[in-house]
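A.B. asks: got a predicted structure here, sequence first:
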Amino acid sequence: MSVTEAMEEGEGEQPNSGDESEEIGKEGKQVEEEYSWPVMRFDVPPHRTYHFCRQFRTPSNPNNFLKGVKWSPDGSCFLTSSDDKTLRVFALPENGSDHQESAGDEDSYSASNVVSEGESIHDYCWYPYMSASDPVTCVFASTTRDHPIHLWDAASGELRCTYRAYDAMDEITTAFSIAFNPAGTKIFAGYNKSLRVFDVHRPGRDFEQYSTVKGNKEGQSGIISAIAFCPTHTGMLATGSYSQTTAIYREDNMELLYVLHGQGGGVTHVQFSKDGNFLYTGGRKDPYILCWDIRNTVNTLYKLYRSTETTNQRIFFDIEPIGRHLGTGGQDGLVHIYDLQTGQWISCFQAASDTINGFSFHPFLPMAASSSGHRRFGIPECNEDLSVDISVNTYKKNETNVWGVDKWRSEPEDPFKLIETAKPKIALPNL
C-alpha cells in the first residue's frame, strides 16, 4: 500500500475516530462530574479514625514526645518525628477515611517503616513528587545534629545517599532546616547566616553557598530555621530565622527581595498560601501567626491566635488543599481553624490533652493528622507511686491521631489514581 492510499484510507475512517473521541470526551466529562474536592465542614467536630500511642513508648525514653507529622505528597502515608531520634512512616489503609476507630487505647496499626537517626532531628521533608507506585521517588530527607543531610527510602528504610556541608575548618556542619525546591532537583538547607543548595542528582560535598547577611550587615542574620517555596512555581522562597525575621528570595539567583519584621519570637515555620500571594509565619513563644501580602509587605494583613506563649517548641500549622482554611495547634491541646479570606476564627476541637506541635491536612482526602507532647523532666525517686501514675498519664499525652473531617460529595472510584494523573512526575536518578 502506498502512502497516498494509506492517507485516503485514514480519511475514510475519520467519522469512526470522531465517534470514539466523542465517547472518550463523554467518559472524561463523567469522571470530572464524579470527582470533587472534599468539603471541609469545620462546624462539625471531626471524628478520630486512627490513633497511635503505645509504639512511641521506649524504655530508654519514657517521655518520648512527638515533634511533628507530615503527609506524603501522594497522600499514601504520613511521617512522624519523635524525641527518640526516630522517624516513622505510617501507611494509610485502603479504606482511608471510612475507617472507624477501634475501642480501647491500642494503636490502630504499626508503623510500616522505622528510621533511626544518630542524634536529635532538626527537620525533615518529603520529595515533592513522591509516589508510592514509583519506588524511585518514594524518599524523604532529614537533618540531624552533627550529621549530614540524609535521603531515606520510605519503602525500605535504607539510606539512599547523604549531602554533606563543611565549614572553614573542614568539619561537617549541621543544617537546621531543609526543603526541596518545587521541581525536586535541589535541596535547600538553612545554616547560621547562610543557605546551602545541593543538587539532588549529585550527593556528597558539592554545594552552592549563599550568605544571608551582606557586607553592610543588611539582610537576614541568625540561624535559618524554616524554608518554604511558593507553590505556584513563581520562583520565590521564604526563609525564617531565629532573629525574628522572614526573608523572601528568588530561587534562580538567590536575590533578596524582602525582609519582614514583626514576629515576636524566633520564626519556626513559614508557609505560602495556595495561590502564592500570601505568606504565613509563626514563631516560638509568639501566640500569633502573621499573614503577609507579598505584593505589599509594609504591614501584616491580620494575626491568627494560638496558645504558644510559653513554649520553645516548633508548632506546625497547615493550609487545607483548597486553600480556604488554616489549622494550627497549641499548648492548650486544641486545634484552631481560621478562615484565610477574612482572618476570622471558625472553630476548634480538642485533639489531645497536651501540646499539639504538629497538624497536617491530607493533600486531597478530607482528613488531617495531629501530633502531641512536650519535654518533661523526671520525677524524684522518693515517691515511686507518684512516678508511676505520672508516667502513665505522660504516655497518653504523647500520641499521633488521624482525623476524619468530612465526607466526599461524590466519592471517586480511586482518588489515588486521580491525584497521580493530576501531578507531573519527575523521577529521581538511581543514586
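C.D. replies: Everything's here; your move. Numbers count the residues shown, from 1 in each chain.
A.B. asks: shaky segments in this structure?
C.D. replies: 1-38, 95-104, 377-396, 407-431 (pLDDT under 70).
A.B. asks: so which residues of the chain form helices?
C.D. replies: Assigned by DSSP state H, the helices in the chain fall at 3-12, 14-34, 384-397, 415-422.
A.B. asks: contacting residues around the nearest residue to Asn61 once chain neighbours are set aside?
C.D. replies: Excluding the flanking residues, the one nearest Asn61 by C-beta to C-beta, 6 or more residues apart in numbering is Asp84, at 4.8 Å. The C-beta positions use only the backbone N, C-alpha and C, and glycine is treated the same way. Contacts of Asp84 were listed using C-beta atoms under 8 Å, 6 or more residues apart in numbering, and they are Phe56, Thr58, Ser60, Asn61, Asn64.
A.B. asks: against Leu66, how distant is Asp84?
C.D. replies: Counting by C-beta to C-beta, to the nearest Å, the gap from Asp84 to Leu66 is 10 Å.
A.B. asks: surely His201 meets Ala183?
C.D. replies: No: using C-beta atoms under 8 Å, His201 makes no contact with Ala183, being 11.7 Å away.
A.B. asks: burial of Gln271, as a residue count?
C.D. replies: Gln271 has 22 neighbours, counted by other C-beta atoms under 10 Å.
A.B. asks: who does Ala228 bridge with?
C.D. replies: For Ala228, the beta-bridge partners under DSSP bridges are Ala238.
A.B. asks: can you start the count at 659 instead of 1 from here on
C.D. replies: In the new numbering, first residue 659, that becomes Ala886.
A.B. asks: OK, contacts around it?
C.D. replies: Ala837, Leu895, Ala896, Val928, Gln929, Phe930, Leu937.
A.B. asks: what of Tyr900?
C.D. replies: Contacts of Tyr900 (C-beta under 8 Å, 6+ apart): Gly880, Ile881, Ser883, Gly924, Val925.
A.B. asks: Thr870 versus that one, what's the distance?
C.D. replies: 12 Å.
A.B. asks: for Leu727, list each beta-bridge partner.
C.D. replies: No, residue 727 isn't Leu; it's Val. Judged by DSSP bridges, the bridge partners of Val727 are Thr738.
A.B. asks: distance-wise, check it relative to His705.
C.D. replies: For Val727, the distance to His705 (C-beta to C-beta) stands at 18 Å.
A.B. asks: next, give phi and psi for Ser766.
C.D. replies: Phi and psi for Ser766, reported as degrees, to the nearest 10, are phi -60, psi -40.
A.B. asks: number of nearby residues for the closest residue in space to it that isn't next to it in sequence?
C.D. replies: Spatial nearest neighbour of Ser766, excluding adjacent residues (C-beta to C-beta, 6+ apart): Tyr708 at 4.0 Å. Around Tyr708 there are 22 other residues, counting by other C-beta under 10 Å.
A.B. asks: what of Ala884?
C.D. replies: Ala884 has 26 neighbours, counted by other C-beta under 10 Å.
A.B. asks: again with Ser869
C.D. replies: 13.
A.B. asks: from what I can see it touches Arg854, true?
C.D. replies: No: the criterion here is C-beta under 8 Å, and Ser869 misses it with Arg854 at 10.5 Å.
A.B. asks: may I have the beta-bridge partners of the nearest residue to Ile952 once chain neighbours are set aside?
C.D. replies: Spatial nearest neighbour of Ile952, excluding adjacent residues (C-beta to C-beta, 6+ apart): Leu937 at 5.6 Å. Note on Leu937: beta-bridge partners by DSSP bridges are Phe930, Trp950.
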